[in-house]
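1. Got a predicted structure here, sequence first:
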Amino acid sequence: MIINQSNLDNIYVALNAIFNETFQGAASFYNRVAMTVTSKGRGNDYKFMLQFPMLREWIGDRQVRNLAAAHFQIENKDYEATVELDRNDMEDDTIGIYNPVISELGRAAKQHPDLLIAALLANGHTTPCYDGKNFFATDHPGGPEGTQSNYGGGSSTAWYLLDTSRSIRPFIFQQRTLPNLVSLDRPGNSHVFMRRKFRFGVDYRGAAGYGLWQLAYASHDTLNDTNYEAARRAMQTLKNDEGVPLGIMPSLLVVPPCLESNAKELLNGDYLGVTGEGTKTNIWKGTAEVLVVPWLT
């Protein structure tokens, strides 16, 4: 094949089609646990994250809640991945050997938000959220007693219980631009001249951050029915400053691969082993879905 701009443009069109096809079809979980928010600048300021809106009987004047008492900012970041294609492969018309590489770029771009959310989960007990406390903490300010907890402690492998039934989610994926396949494929480019390489890459701008801590619970205790029950109760008994329950209903159990069997047995099995009096009925069956995240350990 003759290396000219027309042929290179045709190659880009073909590779871009492969990228987009894989990107659209690749599996991803972040939209199950995070709300996607469009960003139009360097970052977003989430003043609405301060408290749950709740209704009351209208007696006298309206009670206006100050949603701007504090703010939580998420700054966008740049992300990229780049590969090189050899000019000789193009001349020899063997460009098809790179199709799996470009396809993998599409998969990586689709799943990159998953990695960001997994990192938020894993680091939640050491990283602050909007109230200044670590996202998973035992002393979040609020409630009639002054503080509330969404962290169970322990020293085993971490697992997480989430309420994903609301418009607001436990996490935020902030999208400034969509992933885009770009190329450095001009025949006269200095990199092509010096190294005989064309470059193709994907890049986008965005970020991930913490949403409402009330919608997530983490535990390093053993994943069993007793600790699962404690986690559900801790979430369901969260209240606002007036003592009104927030109505949290856990719906998703997030685990690393090493806890997959424990989680599925707990939420899908009919029984929970054997007690001294015989088989113990599993009352927690179907109370949440299981999500296994391969980037958690």
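-> Right, received. Where do you want to start? These numbers come from a predicted model, not from an experiment.

2. What lies in contact with stretch 11-24?
-> Contacts with stretch 11-24, where a contact means C-beta atoms under 8 Å, 6 or more residues apart in numbering, come from 90, 95, 98-99, 102-107, 109-110, 179, 181, 183, 185, 200, 202. Glycine gets a C-beta too; all of them are placed from N, C-alpha and C.

3. one more time with 7 Å
-> 90, 95, 99, 102-103, 105-107, 109-110, 179, 181, 183, 185, 200 (C-beta atoms under 7 Å, 6 or more residues apart in numbering).

4. Mind checking which of those are in strands?
-> Mapping the contacts of stretch 11-24 onto strands (DSSP state E) picks out L181, S183, F200.

5. tell me which residues of stretch 136-149 are tucked away?
-> Within stretch 136-149, the residues that count as buried by 16 or more other C-beta atoms under 10 Å are F136, A137, H140, G142, G143, Q148, S149.

6. so who does the fourth one touch?
-> Counting by C-beta under 7 Å, 6+ apart, G142 touches Q148, D241.

7. what's it sitting at in phi/psi?
-> phi 130, psi 170 (degrees, to the nearest 10).

8. I97: neighbour count?
-> 11 (other C-beta atoms under 10 Å).

9. what about the residue nearest to it when sequence neighbours are not counted, how many neighbours?
-> Leaving aside its chain neighbours, I97 sits nearest to D89 (6.5 Å; criterion: C-beta to C-beta, 6 or more residues apart in numbering). A count of nearby residues for D89, using other C-beta under 10 Å, gives 15.

10. how close does D89 get to V202?
-> 20 Å (C-beta to C-beta, to the nearest Å).

11. Same question for P250.
-> For P250 relative to V202 (C-beta to C-beta), the value is 36 Å.

12. Just list the residues touching S28, thanks.
-> Going by C-beta under 7 Å, 6+ apart, the list of residues near S28 reads K110, Q111, P113, D114.

13. could you point out where the stretch 1-150 of the chain is predicted with low confidence?
-> Scanning the stretch 1-150 of the chain with the threshold set as pLDDT under 70 gives 1-5, 48-54, 56, 63-71, 92-95.

14. At the geometric centre of the chain, which residue sits there?
-> I117 (3.0 Å; C-alpha atoms, centre = their mean).

15. Tell me how many other residues crowd the nearest residue to it once chain neighbours are set aside.
-> Counting by C-beta to C-beta, 6+ apart, Y30 is the residue found nearest to I117 once chain neighbours are left out, at 4.9 Å. Residues near Y30, counting by other C-beta under 10 Å, number 22.

16. can you give me the helices for this protein?
-> 5-25, 30-33, 87-91, 99-122, 190-195, 225-236, 260-268 (DSSP state H).

17. Pull out the buried positions in the third one.
-> Applying a neighbour-count criterion of 16+ other C-beta under 10 Å, one finds R87, M90 buried in helix 87-91.

18. quick one: average confidence on stretch 252-268?
-> Stretch 252-268 carries an average pLDDT of 97.

19. how far does it stretch from start to finish?
-> Taking C-alpha to C-alpha, to the nearest Å, the first and last residues of stretch 252-268 lie 13 Å apart.

20. And for that stretch, what's in contact with it?
-> So stretch 252-268 is in contact with 32-33, 121, 157, 159-162, 164, 223, 225, 228, 284-294, 296-297, going by C-beta under 7 Å, 6+ apart.

21. Show me what counts as buried in that stretch.
-> L252, L253, V254, V255, P256, L259, N262, A263, E265, L266, L267.

22. contacting residues around the residue nearest to I117?
-> With C-beta under 7 Å, 6+ apart, Y30 has these contacts: P113, D114, I117, F173.

23. Go through these and say which is closest to Q236.
-> I117 (23.6 Å; C-beta to C-beta).

24. I'd say the closest one and V33 touch.
-> Yes: at 6.1 Å, I117 counts as touching V33 under the criterion of C-beta atoms under 7 Å.

25. which residues do the two both contact?
-> Joint contacts of I117 and V33 (C-beta under 7 Å, 6+ apart) are F171.

26. Most widely separated two among the contacts of stretch 11-24?
-> Longest span within these, C-beta to C-beta: M90 and K110, 26.8 Å.

27. From Q214, how far off is D163?
-> To Q214, D163 is 8 Å away according to C-beta to C-beta.

28. nope, L8 is what I meant
-> Separation of L8 from Q214 (C-beta to C-beta): 53 Å.

29. ok, the two, which is more surrounded?
-> Set L8 next to Q214 and count neighbours by other C-beta under 10 Å: Q214 wins out with 22 against 18.
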